[in-house]
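Engineer: I'd like to go over a predicted model; first the sequence, then the structure.
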Amino acid sequence: MKKPKPNLKTMAKVKNCPLCGQIYVETGRKMCRDCYVRQEEMEGKVVAYVRDHPDATVGEVVEATGVEESVIRRMIREGRFESSNIQLDYPCARCGKPIIKGKFCQDCLMRLYVKMQRTKKELKLKQVGVKDHARRVFMVEREEETNKKPTKK
Ligand SMILES: [Zn+2]
Ligand SMILES: [Zn+2]
């Protein structure tokens, strides 16, 4: 394999392709021209398959198109399928379980909801018996101050 000699003037823009290792001139594609063309082809295949099979899972798309799962997942993250009604699963941001919409799975959503409700309840308890809002805030602040004191030096 012949390595093209990097031109000093364009040195800053010459990089190694993260996919194939080939030296290329960076033009904002973040990969060499060969890989870019290959990537475009793969993405085209995926988009076409998803259009024809809107209920496909990631595994089915991988099998049918031969495109790596990581590529498909990146496309999902980039919102490439938002215009279609495709429901490709991707990992929950909290536990990694496959989900098809939102950021978290049902379990994590429930846990987060319970946690939120608990926080709300705790806040409410602090507010009980105090009618004036300003005074209430003051009280909560005072309480925090008092809690801080023992550790303060
Ligand atoms: Zn490349
Ligand atoms: Zn989860």
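Structural biologist: Structure's in. What do you need? Ligands and ions are numbered 1, 2, ... in the order given.

Engineer: which bits of this structure sit near ligand 1?
Structural biologist: 17, 19, 20, 22, 32, 35 (C-beta under 5 Å from the ion). C-beta: built from backbone N, CA, C; applies to glycine.

Engineer: with these in mind, which one is nearest to residue 69?
Structural biologist: Of all those, residue 69 sits closest to residue 19, with 15.2 Å by C-beta to C-beta.

Engineer: circling back: quick one: which of the residues of the chain next to ligand 1 has the most company?
Structural biologist: residue 32 (21 neighbours; other C-beta atoms under 10 Å).

Engineer: if we can go back for a sec, flag whichever of the residues of the chain next to ligand 1 scores worst on pLDDT.
Structural biologist: Among the residues of the chain next to ligand 1, residue 19 carries the weakest pLDDT, at 88.

Engineer: is it true that that one touches residue 33?
Structural biologist: No. Residue 19 lies out of contact with residue 33 (C-beta atoms under 8 Å); the separation is 11.4 Å.

Engineer: follow-up on the earlier one: can you redo the residues of the chain next to ligand 1 as a markdown table with secondary structure and distance to residue 76?
Structural biologist: Shown next, in a markdown table, are the residues of the chain next to ligand 1 (DSSP: H, G, I helix; E, B strand; the rest coil; distance: C-beta to C-beta, whole Å):
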| residue | secondary structure | distance to residue 76 |
| --- | --- | --- |
| 17 | coil | 23 |
| 19 | coil | 19 |
| 20 | coil | 24 |
| 22 | coil | 27 |
| 32 | coil | 24 |
| 35 | helix | 20 |
